[in-house]
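Participant: have a look at this prediction, sequence included:
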Amino acid sequence: MTRKSRKVLIEATVTLANARQQGQCLLADDADKWQADVDHLLPLVDAIVSQTERRVFKGEKVPAQEKVVSLYEPHTDIIVKDRRQVQYGHKLNLVQGKSRLILDLVIEEGNPADSDQFIPMMERQKEIYGRVPRQTSGDGGYACRANLEGSFPIPDCYVTSKLTKG
């Protein structure tokens, strides 16, 4: 794998050098659009080459927030749920009303723990609607002792969960 990875990195580096030179061969209108695309993509490819060198050849553990996992959607996050398979995308927190109408949506940055997002989501409900829900429930990811026991600073809100955590 190391030999193959090294070959891919060399090819990527040569391709980057070629891309930087190709804009000079285009007509003015085409060159501007091409250059804008290249200016956007080259730093991302540089980052991918760098993270690959660090991880594969230097044995470094590259933090998730430093990784580029998509050239076309560089804002994509790495999401790991417990010890399950890695997913790519964005973590969402939804608040749904009794009628199943979506009352609030927060697109999280990175991969924050669900249990840490529960209280801020309830506080957002108070800001938006002037009160917290009388009842709320969530999956096991939101379960933690403080959230389940109601010892958080949100009075008059009954919390249930199918799962419990320590």
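Facilitator: Received it, and whenever you're ready, just let me know what you need. Treat the numbers as computed from the prediction; the structure is a model and nothing was measured.
Participant: list the buried residues of the longest helix anywhere in the chain.
Facilitator: Counting residues, the longest helix found in the chain (DSSP state H) is helix 28-52. For helix 28-52, burial by neighbour count (16 or more other Cβ atoms under 10 Å) applies to 34, 38, 45, 48, 49, 51, 52. From N, CA and C alone the C-beta is placed, and that goes for glycine too.
Participant: just the closest of these to residue 85, please.
Facilitator: residue 51 (20.5 Å; Cβ to Cβ).
Participant: could you dump the buried residues of helix 28-52 into TSV and include pLDDT and distance to residue 99?
Facilitator: Formatted as TSV, the buried residues of helix 28-52 follow (pLDDT from 0 to 100; distance: Cβ to Cβ, whole Å):
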residue	pLDDT	distance to residue 99
34	78	51
38	81	49
45	86	47
48	87	45
49	86	50
51	89	45
52	86	49
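Participant: contacts only, for residue 106.
Facilitator: Neighbouring residues of residue 106 by Cβ atoms under 8 Å, 6 or more residues apart in numbering: 92, 93, 117, 121, 124.
Participant: on that earlier part again, other SSEs contacting the longest helix of the chain?
Facilitator: With contacts taken as 3 or more Cβ pairs under 8 Å, 6 or more residues apart in numbering; DSSP states H and E, helix 28-52 sits against helix 2-22.
Participant: ok now stretch 71-81, how far from the chain's centre?
Facilitator: Centre-to-centre, stretch 71-81 and its host chain are 5 Å apart (Cα atoms, centre = their mean, to the nearest Å).
Participant: actually, stretch 31-44.
Facilitator: 24 Å.
Participant: likewise for stretch 109-123?
Facilitator: Averaging C-alpha positions (Cα atoms, centre = their mean) puts stretch 109-123 14 Å from its chain's average.
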